[in-house]
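S.K.: Predicted coordinates and the sequence they were generated for:
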Amino acid sequence: MGLNSFKLPPMPQTAGQEAFLIEEWTSTEAEMAALGNSINQQKQALLGSKQKAMMENAQKYLDKPNAPKSAKSAPDRPLFSKKAELKLKELDKDGGVEFRYTKSLKELKLYISKLQSKKDEFHKELEALNLKEAHQTGEGTSNKSFCPGYIALISKYLAEYNNEYEKICFDYLHQTRLKLNDEIYWLQFKENPEEFENTKLSYRLKWLQALTTASSGRFKSEFDVSHCLVEKEAIKVGGKLANFNDINCQYHSELNLVVGTITIDCNKMVTNFEMGFL
């Protein structure tokens with residue numbers, strides 16, 4: 001199973017969007033976890049096959065200790081392995097793929113480090129709002145709805161955090177994709193087919209881990225206000241959160257690579273690779 005179809009759902013920036021997208025986020029995160037387990041199982045199966053082959057080869061050497069050296073020699077390296085090694089080293093140069101990836105990762109981690117304090121601020125304000133609602137409930141009180149207050153509070157924190165995080169997050173995923181793609185492209189020339197099969201699985205895991213990191217860093221209110229929401233809070237067209245990008249976003253980019261394309265439209269990234277990496 002490839003990862004070319006994997007993308008994160010939009011990052012909610014209002015209470016209505018969060019309520020509308022919660023099932024999609026839950027489903028995506030569960031699917032990523034299941035896929036990660038599946039890839040790990042495939043890696044273990046490959047490792048078992050490799051160990052079995054090594055034991056069989058070792059037994060052959062024991063059975064024929066006087067066999068000519070040519071019969072015991074290690075398999076030849078791929079034809080372009082030396083060139084591939086040089087190209088991989090070039091990726092680490094200043095200003096190169098590795099530099100841009102590291103920069104984007106640092107920015108992501110720095111922003112995520114603010115998440116807990118933002119959550120603490122939110123819960124403090126939420127507790128105060130809960131207290132106000134509790135004090136006006138009962139006989140002889142107005143019992144007014146506090147729904148507008150809850151919706152406004154949640155939307156405020158979602159927008160404050162997720163709006164900027166979305167930009168940082170997708171730059172990080174963009175740079176990660178470029179890095180992994182460049183590395184895997186040259187590794188196919190450096191490694192033997194058996195090695196490369198395991199490497200492909202490892203790189204799929206790396207991409208999955210990047211998506212998981214990006215997913216875990218978003219702001220979530222974890223406060224159910226579904227009873228407060230009216231239809232206009234969730235922008236729905238045909239059962240999807242459609243038109244949101246068209247209304248709110250001006251960012252569209254397409255990058256053409258030797259091995260495929262990366263298209264970024266606001267909060268969605270779609271990739272197509274021709275080399276079977278993803």
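M.R.: Here it is on my side, so go on.

S.K.: ok, which stretches of this protein are strands?
M.R.: For the chain, the strands defined by DSSP state E cover 252-257, 260-265, 268-273.

S.K.: show me where pLDDT drops low in this structure?
M.R.: Under the criterion of pLDDT under 70, the regions of the chain flagged as low confidence span 1-5, 48-95, 137-143, 230-278.

S.K.: ok, the residue nearest to S221 when sequence neighbours are not counted - contacts?
M.R.: With sequence-adjacent residues excluded and distances taken as C-beta to C-beta, 6 or more residues apart in numbering, S221 is closest to I154, at 4.5 Å. From N, CA and C alone the C-beta is placed, and that goes for glycine too. Residues in contact with I154, defined by C-beta atoms under 8 Å, 6 or more residues apart in numbering, are 14-15, 18, 221, 223, 225.

S.K.: Pull out the buried members of those residues.
M.R.: The neighbour-count test (16 or more other C-beta atoms under 10 Å) marks 14-15, 18, 221, 225 as buried among the contacts of I154.

S.K.: Narrow the residues you listed to those in helices?
M.R.: Using DSSP state H, the members of these that fall within helices are 15, 18.

S.K.: how about TSV for the buried ones among the contacts of I154, with distance to S117 added?
M.R.: Listed next are the buried ones among the contacts of I154 as TSV, based on distance: C-beta to C-beta, whole Å:
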residue	distance to S117
T14	22
A15	21
E18	20
S221	15
V225	23
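
S.K.: Closest one of the buried ones among the contacts of I154 to Y111?
M.R.: Distance ranking of the buried ones among the contacts of I154 against Y111, using C-beta to C-beta, places S221 first at 18.1 Å.

S.K.: Tell me if I'm right that the closest one and E125 touch.
M.R.: No: under the criterion of C-beta atoms under 8 Å, S221 lies out of contact with E125, with a separation of 11.1 Å.

S.K.: so where do the helices sit in the stretch 1-150 of the chain?
M.R.: Applying DSSP state H, counting those that start in this stretch to the stretch 1-150 of the chain gives helices spanning 15-63, 69-72, 81-90, 97-112, 115-135, 147-190.

S.K.: Quick check, R204 in contact with I39.
M.R.: Yes: proximity of R204 to I39 meets the contact threshold set by C-beta under 8 Å, at 5.6 Å.
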